[in-house]
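sequence and predicted model, in that order:
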Amino acid sequence: MEEIVPICPICGGNVMIKEVEKIVKGGSNVAILKVKAGVCSKCGERIYSKDIHEKIQKVREELELGRTEGFEVVGRTYRYKVTA
């Protein structure tokens, strides 16, 4: 991941490469992606390479179009309105 900067542009902390889960929403669909990202050890900011960013965008487009073939169903999502 040579495209990831070693210093966080937000806080100046050290950036380490880690595997993270990225939640991507498209329309009413949601996918959880496991990707490598630079993660700041100080503030937690995530930095994605150009390649990973493009893949995230592609998944978002597929979700918006309802094209979920090849996606693994792992559960259900519910909406619940909490009133005071």
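Okay, I see it.

helix/strand/coil for the residue nearest in space to the middle of the chain?
Nearest to the mean C-alpha position of the chain, counting by CA atoms, centre = their mean, stands residue 22 at 2.5 Å. Judged by DSSP: H, G, I helix; E, B strand; the rest coil, the three-state class of residue 22 is strand.

what's the spacing between it and residue 71?
With distances taken as CB to CB, to the nearest Å, residue 22 is found 14 Å from residue 71. Every C-beta, even on glycine, is put in place using the N, C-alpha and C of the backbone.

got it, and residue 79?
20 Å.

neighbour count winner among the two?
residue 71 (13 against 5; other CB atoms under 10 Å).

mind listing what the more buried one touches?
residue 31 (CB atoms under 8 Å, 6 or more residues apart in numbering).

the one 10 residues further on too?
Applying CB under 8 Å, 6+ apart, one finds that residue 81 lies in contact with no residue.

mind telling me what element it is part of?
If you go by DSSP states H and E, residue 81 is not part of any helix or strand.

got phi/psi on the closest residue to residue 41 other than its chain neighbours?
Among residues not flanking residue 41 along the chain, residue 14 sits closest, at 4.9 Å (CB to CB, 6 or more residues apart in numbering). Dihedral pair for residue 14: phi -80, psi 140, per degrees, to the nearest 10.

isn't residue 14 up against residue 39?
No - the criterion here is CB atoms under 8 Å, and residue 14 misses it with residue 39 at 9.8 Å.

between the two, point out the one with more neighbours.
Neighbour tally, residue 14 and residue 39, criterion other CB under 10 Å: the higher count belongs to residue 39, 20 against 12.

in contact with residue 4, which residues?
Residue 4 sits next to 15, 17, 37-38, 47-49 when contact means CB under 8 Å, 6+ apart.
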